[in-house]
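Novice: no FASTA, just this:
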């Protein structure tokens with residue numbers, strides 16, 4: 001067969017497959033970044049064209065494995081990654097990364113990523129995020145609005161009324177749903193959380209299986225408006241055909257259900273099925289008094305689990321966190337704390353220099369767009385901010401290069417010309433910063 005035909009077949013298979021594939025050369029230049037990998041990372045099709053992997057993929061603590069492979073020339077296998085991608089979507093996948101050799105010379109690395117987000121949400125037993133069932137007592141909320149949410153949820157549990165939870169992703173709706181399950185006046189046998197954003201056939205099969213075969217199930221259908229109208233009507237039909245059950249019905253939507261019905265994204269019949277009562281769960285930006293109690297509880301669990309000495313945030317970091325809008329809500333905050341705590345040794349306080357660079361850049365970007373007050377993360381305000389000069393200068397240079405790349409839409413040649421350095425020198429600096437981060441994280 002002609003080589004050009006084979007090449008076309010390879011390209012088709014790579015682009016149409018359901019496995020995410022990312023290939024970079026030894027300089028970090030992006031060679032292959034297929035459709036599935038773009039979906040996982042939340043990268044638009046136009047965004048990835050002619051851009052290096054370092055400028056597309058956020059290679060921080062949990063994302064540096066491909067560079068570990070480039071350094072060691074040994075595979076990294078079965079790595080489970082959960083994170084918020086560039087579209088603020090929570091994604092989980094299993095990754096295998098292999099070095100690529102040609103004639104015994106390292107030429108790059110390839111990552112194969114299998115999406116298991118759906119499987120992660122197909123939970124047949126209550127969640128165990130904190131090593132125990134998520135009851136209302138575990139939810140650290142001091143704001144009046146969240147106390148009202150929990151009181152309404154307890155009423156739902158007592159009456160076993162079907163309920164629709166309204167709110168953005170990451171607000172803790174899943175915790176409210178499981179709290180209802182554990183607080184039911186008559187206990188159910190099982191809690192099943194189903195994410196409705198993908199794999200519609202599997203969702204319908206699970207509904208049908210447990211509606212028919214079981215008597216007392218708590219169903220939590222997350223973001224039901226993402227199902228097609230036909231699928232929504234099918235769920236209504238299933239429950240209508242099997243009325244003699246004791247299932248508990250909980251659903252969530254991201255917007256006002258009336259608006260969704262008018263936009264023909266939510267079936268009126270399905271809404272009636274689930275909406276014995278509706279509860280609005282506000283985003284974190286509307287209840288910032290819940291931020292510090294959540295952080296305090298997080299660090300308490302960290303001390304109990306790992307024997308760490310961490311007590312909390314510095315005043316500067318606390319101020320930054322309270323001014324930031326947290327578009328990913330509590331989930332984004334939790335992921336941020338996971339990233340910071342993974343590098344803790346004997347620290348007692350989180351200082352500004354311990355914040356991930358990508359978060360500092362986001363804060364600065366928000367300021368430049370006029371959405372937040374400036375966070376002077378490179379200003380020395382007290383003796384605790386002083387660190388070795390070489391460390392400080394590297395952080396400043398990394399930040400400066402990052403902003404220069406942003407201004408030139410990631411174009412290496414234009415950025416190097418603007419900085420007055422050679423293209424190869426800029427490539428080395430970008431790669432070297434990421435490698436240094438990786439080695440620091442490993443240590």
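Specialist: Everything's here; your move. All figures in this text were calculated on a predicted structure; none of them were measured in a lab.
Novice: tell me which element residue 197 is part of?
Specialist: In the assignment (DSSP states H and E), residue 197 maps to no helix and no strand.
Novice: Would you confirm that it contacts residue 224?
Specialist: No - with contacts counted by C-beta atoms under 8 Å, residue 197 stays clear of residue 224, the gap being 10.0 Å. No exception for glycine: its C-beta is placed from N, CA and C like everyone else's.
Novice: of these two, who's got more company?
Specialist: Legend: neighbour count by other C-beta atoms under 10 Å for residue 197 and residue 224, higher for residue 224 (27 against 18).
Novice: quick one: pLDDT of the more buried one?
Specialist: Residue 224 carries a pLDDT score of 93 in this model.
Novice: ok, it to residue 404 distance?
Specialist: 45 Å (C-beta to C-beta, to the nearest Å).
Novice: In the stretch 151-300 of the chain, where is pLDDT below threshold?
Specialist: 198-199 (pLDDT under 70).
Novice: And the helices in it?
Specialist: With helices called from DSSP state H, counting those that start in this stretch, the stretch 151-300 of the chain shows them at 173-182, 200-213, 229-241, 257-262, 268-274, 291-306.
Novice: ok, the top strand by length along the chain: who's next to it in the sheet?
Specialist: The longest strand of the chain (DSSP state E) is strand 90-102. Its sheet considered, strand 90-102 pairs with strand 76-84 (antiparallel), strand 105-115 (antiparallel) by DSSP bridges.
Novice: Just give me how far stretch 144-160 sits from the chain centre.
Specialist: Relative to its chain's centre, stretch 144-160 lies at 27 Å (C-alpha atoms, centre = their mean, to the nearest Å).
Novice: Tell me the buried residues in that stretch?
Specialist: 146, 149, 150, 152, 153, 156, 157, 160 (16 or more other C-beta atoms under 10 Å).
Novice: Could you dump those into CSV with distance to residue 338 added?
Specialist: Listed next are those as CSV, based on distance: C-beta to C-beta, whole Å:
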residue, distance to residue 338
146, 22
149, 25
150, 25
152, 30
153, 26
156, 31
157, 30
160, 35
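Novice: Could you point out which of those residues is nearest to residue 322?
Specialist: Nearest to residue 322 among the buried residues of stretch 144-160: residue 146, at 16.3 Å, using C-beta to C-beta.
Novice: Can you say which helix or strand has the closest one in it?
Specialist: Residue 146 belongs to helix 144-159, assigned by DSSP H and E.
Novice: Distance of residue 280 relative to residue 287?
Specialist: The gap separating residue 280 from residue 287 is 12 Å, by C-beta to C-beta.
Novice: So between the two, which is more surrounded?
Specialist: Comparing residue 280 with residue 287 by neighbour count (other C-beta under 10 Å), the higher total belongs to residue 287, at 20 against 14.
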